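>>> Any chance you could fold what I've pasted below:
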Amino acid sequence: MDTVGMVRVESNGAGLFFISTFIIVLNTGASRAQKGDGCGHTLLGPNSGTLSSINYPQTYPNGTVCEWEIRVRRGERVTFKFADFDIEDSDSCHFNYLRIYNGIGPTRTEIGKYCGLGVQWDHLIVSAGNEVTVQFMSGTHVSGRGFLLSYSTTDHPDLITCLDKGSHFTEPEFSKYCPAGCLTAFGEISGTIPHGYRDSSLLCRAGIHAGVVSNVLGGQINVVNSKGIPYYEGSLANNVTSKVGPLSASLFTFKTNGCYGTLGLESGVVRNAQITASTVLQWDDINRQPPVWGPERARLKKPGPPWAALDTNENQWLQVDLKKEKRITGISTTGSTMSDYYFYVSGYRVLYSEDGKNWSVFREANADHDKIFQGNVNYLQEVRNNFIPPIEARYIRINPLQWHQKIAMKVELLGCQPSLGRAPIPPQLPKISTDFPVQLDETTFTPDIRNTTVTLNGTKDVALAAVLVPVLVMALTALILVLVCAWHWRNRKKTAEGTYDLPYWDRPGWWKGMKQFLPAKGPEVEESPVRYSSTEVSRLRARDVGPLLQTAPAEYAQPLVGGVVGTLRQRSTFKPGEGVDPSYADPDPYDAPLQEIYHAYAEPLPASGAEYATPIIMDISSHLAGTVSQPPISTFKSPGTALLSRTDSSVSTGHVQYDTPKGTLSPAPAAEELVYQVPQSSVQKAVDSG
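Numbers count the residues shown, from 1 in each chain. As a prediction, this is how the structure comes out:
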């Protein structure tokens, strides 16, 4: 037997199927084989692999058997690690068990025989040589999921399994080795690059989705743990579907060489003339406009129709000339992105060339068949596929093999500049015909695609600039905000310290104290001093005036009480009103009968805060007696106190009476009392004198 192959077929909701074929070639120095009816998911790579019992993780059937033969390079040994082990042990491992042997064939020797339900394996099983046989046997049993086993060479002591999750490792950064064959349906992942994956995601499956390891080869992953995010996006990449995920405490991302930038189709760096196609759909719109389905339309995320081929067969292609050799690490595609045209490509091959004439089909390492990439599953969703190892070429050609309705797609290539260190030039490859379909038997040698991680310094500079520019912009914005806030606060502080700042002006204590020091305002009439005659002064002394009375300032003016006099301004005892004659005076506001509604001008306001005239307190005893010829100007009223009036010397003392304030009881008349006299205007005085 020269070769043994295993074919795995999967179907999706769109009715598509994708075939992954793994061929074992004896003369390559590594041999992998399986036989029997009890074999489950199996991928046996040259350096690592994964195998499981049939129906895993469901209960394995009765009466099955499977043997796997594993060979690695000479001088290497094999390390095994169980991801899950659940084999019923009711018969003491007589009929249900797993055996591992050193060697292959009749000369093999047993390493161990294993059974048990829910066994946790923390240790590794190491072979004595480079050849190992694994045997699974099932008899009559009731329960048991079977097993899932991974292996690698002893060069990778940090081997993990396909079921290890990000939450199993708490280090901020760590490096692990993923075995081949972790593209399984045994677990889920949430997230995508570059945002990261939810910590509940399977590490190796996420690594395949991110394009950092190959499902066929496995590989080393470098992981960074960080704080989780509220929402994880879902996407389809490298045949792995990532689902939408909710908030998590932490997430993990992968360290890469950074060679995943776009190569210019979306941005326009690649000119229209650099994009060509085999045919173009001639499908005018209803207005008979020229066709808009040309190859220049095949730019990812560009609005409008895509490139569409005229013919629907496997001979169609879309070609991109990058003008110089580039290191190409991946490709992203969409369908038409227009709901009216439900066109997309669901499977394709990728060819590459240095001169545009001699073409090679991309293949995975150690495989002698072309790699068929999973395309889109609808007209809108973006799908990414990575090239492991990367391609280094100038020309890239995409050959659709499966499609929906019509061949139509938009494309973006991912990669960077080629490495500075060039690998040795491989031997001259046989030419592949450019007439499609490509005959697979004409390709007899897979070119050595260089898989180096060295990139140009310019790429690092661009990445550094991409980080520094947003940081500088944020710092400048913060500085401007601080300056604006400081300027605004300073202006507000100056306003608060102003003389007429309303918040401080409205404080009752401050205003009440300040009004005692402010002179009364009278902008319309000049001040007129109040004077008393000697007779009035003597009468005040004869009554033995008590101590001075000082009351809280009222809204208008209050009468002088107990011999208190001062300098007042005309009209200071009245409430101002609009449209009133300045010379008007109430004839006798105090002799009016008691009313519930007082006169509009004589109505006093509450004493909570004075607004107009403020009485000036002074001792009458300090004034010299004399004769005052000045006419009366103003009087004050104080509740509950007899009113003191001043009269002109020409007024007869026989008419002196008490004037009873409104709302109070009239006291007994005295023999000689001063008579209250209403202030008179200058016009009224002239009439009286006439």
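>>> Can you name the next helix or strand after the longest strand along the chain?
The strand that spans the most residues within the chain, counting by DSSP state E, is strand 383-404. Under the assignment DSSP states H and E, the closest C-terminal helix or strand after strand 383-404 is strand 408-416.
>>> Point out the other helices and strands that that following strand packs with.
Strand 408-416 makes packing contacts with strand 261-262, strand 307-308, strand 318-334, strand 344-353, strand 383-404 when contacts are defined by 3 or more CB pairs under 8 Å, 6 or more residues apart in numbering; DSSP states H and E. C-betas here are computed from N, CA, C, even on glycine.
>>> Swap in 6 Å and give it another go.
strand 318-334 (3 or more CB pairs under 6 Å, 6 or more residues apart in numbering; DSSP states H and E).
>>> pLDDT (mean, whole number) over the strand it packs on?
The predicted model assigns strand 318-334 a mean pLDDT of 96.
>>> again with stretch 50-68
94.
>>> now swap in stretch 139-151 and tell me
The pLDDT scores in stretch 139-151 average 92.
>>> Could I have the CA atoms of it written out in PDB?
Output in PDB follows, covering the C-alpha atoms of stretch 139-151 (Å, rounded to 0.1, in the frame of the first residue of the first chain):
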ATOM      1  CA  GLY A 139     -17.700  -3.900  23.200                       C
ATOM      2  CA  THR A 140     -21.100  -3.900  24.900                       C
ATOM      3  CA  HIS A 141     -21.500  -0.800  27.000                       C
ATOM      4  CA  VAL A 142     -24.100   1.600  28.300                       C
ATOM      5  CA  SER A 143     -22.400   5.000  28.200                       C
ATOM      6  CA  GLY A 144     -19.200   6.800  27.300                       C
ATOM      7  CA  ARG A 145     -18.300   9.600  24.900                       C
ATOM      8  CA  GLY A 146     -15.000   7.900  23.800                       C
ATOM      9  CA  PHE A 147     -11.900  10.000  23.500                       C
ATOM     10  CA  LEU A 148     -10.200  13.000  21.800                       C
ATOM     11  CA  LEU A 149      -6.400  12.700  21.500                       C
ATOM     12  CA  SER A 150      -3.800  15.100  20.200                       C
ATOM     13  CA  TYR A 151      -0.100  14.400  19.500                       C
END
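>>> Mind listing what's buried along that stretch?
Buried residues in stretch 139-151, counted by 16 or more other CB atoms under 10 Å: 141, 144, 145, 146, 147, 148, 149, 150, 151.
>>> quick one on the thing from earlier: give me the buried positions along the longest strand of the chain.
Going by neighbour count (16+ other CB under 10 Å), the buried part of strand 383-404 is 383-404.
>>> Of the buried residues of stretch 139-151, which is the nearest to residue 159?
residue 150 (6.7 Å; CB to CB).
>>> which SSE is that closest one in?
Judged by DSSP H and E, residue 150 forms part of strand 146-153.
>>> who's in contact with that strand?
47-53, 56, 60, 72, 76, 78-85, 98, 159, 161, 179 (CB atoms under 6 Å, 6 or more residues apart in numbering).
>>> change it to 7 Å
40, 47-53, 55-56, 60, 70, 72, 76-87, 98, 159, 161-163, 177, 179 (CB atoms under 7 Å, 6 or more residues apart in numbering).
>>> Please narrow those residues to those residing in strands.
40, 48-53, 70, 78-86, 98, 177.
>>> just to revisit the earlier point, give me the buried entries from the contacts of strand 146-153.
For those, burial is judged from neighbour counts taken by 16+ other CB under 10 Å, and it is met by 40, 47-53, 56, 60, 70, 72, 76-87, 98, 159, 161-163, 177, 179.
>>> Where does the prediction get shaky in the stretch 251-400 of the chain?
284-291 (pLDDT under 70).
>>> now do 80
Of all residues in the stretch 251-400 of the chain, those with pLDDT under 80 make up the ranges 283-291, 366.
>>> And the chain, by the same measure?
If you take pLDDT under 80 as the line, the chain has these spans: 1-33, 90-91, 185, 283-291, 366, 419-467, 492-690.
>>> top helix in it by residue count?
helix 457-496 (DSSP state H).
>>> so that one versus strand 408-416, what angle?
With axes from the mean of the first three to the mean of the last three CA atoms, to 10 degrees defining the directions, helix 457-496 sits at 90 degrees from strand 408-416.
>>> relative to strand 318-334, how tilted is helix 457-496?
Here helix 457-496 runs at an angle of 50 degrees relative to strand 318-334 (the same axes, to 10 degrees).
>>> oh, and call the first residue 197 from now on, that's how I've got it
In the new numbering, first residue 197, that becomes helix 653-692.
>>> Mind giving me the packing neighbours of helix 653-692?
With contacts defined as 3 or more CB pairs under 7 Å, 6 or more residues apart in numbering; DSSP states H and E, helix 653-692 has no helix or strand neighbours.
>>> if we go to 10 Å?
Contact here means 3 or more CB pairs under 10 Å, 6 or more residues apart in numbering; DSSP states H and E; on that basis helix 653-692 packs against strand 457-458, strand 604-612, helix 698-701.
>>> Return the most buried member of the ones you listed.
Most buried of those, by mean neighbour count (mean count of other CB atoms under 10 Å): strand 604-612, with a mean of 24.
>>> and the nearest residue to residue 466 once chain neighbours are set aside, how many residues sit next to it?
Leaving out its chain neighbours, the residue that sits closest to residue 466 by CB to CB, 6 or more residues apart in numbering is residue 460, at 4.2 Å. Residues lying near residue 460 (other CB atoms under 10 Å) number 18.
>>> Confirm for me that residue 460 is in contact with residue 609.
Yes - contact status for residue 460 versus residue 609: in contact at 8.0 Å, counting by CB atoms under 10 Å.
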